[in-house]
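A.B. asks: need the 3D shape of this:
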Amino acid sequence: MQKEILVDLITKKMPFGKYKGRLICDIPEHYLVWMHGKGFPEGKLGMWLHTMYEIRINGLEYLLVELKKKIK
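C.D. replies: Just a heads-up that it's a prediction; the model follows:
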């Protein structure tokens, strides 16, 4: 996984919907599962959401926690 994508997950915000304005990394798992069923949007946003979905279902959140510490 590219580090730039992980940095985007902890710095970019959801542009629409119930979680508008929240960082992509802070979107709840249940919403990501719902979006997975509906289909992720195209483009970077869809890729970020799908990546966050994979991180959550595979228990890899620690990757983002460590990166957040380094970025601050």
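
A.B. asks: hmm, residue 2 and residue 47 touching each other?
C.D. replies: No: proximity of residue 47 to residue 2 does not meet the contact threshold set by C-beta atoms under 8 Å, at 10.6 Å. No exception for glycine: its C-beta is placed from N, CA and C like everyone else's.

A.B. asks: more neighbours: which of the two?
C.D. replies: residue 47 (14 against 8; other C-beta atoms under 10 Å).

A.B. asks: please tell me how far the more buried one sits from residue 70.
C.D. replies: Taking C-beta to C-beta, to the nearest Å as the measure, residue 47 falls 22 Å from residue 70.

A.B. asks: contacts for stretch 41-49?
C.D. replies: If you take C-beta atoms under 8 Å, 6 or more residues apart in numbering as the criterion, stretch 41-49 is touched by 5, 8-9, 12, 15, 24, 27, 32, 35, 40.
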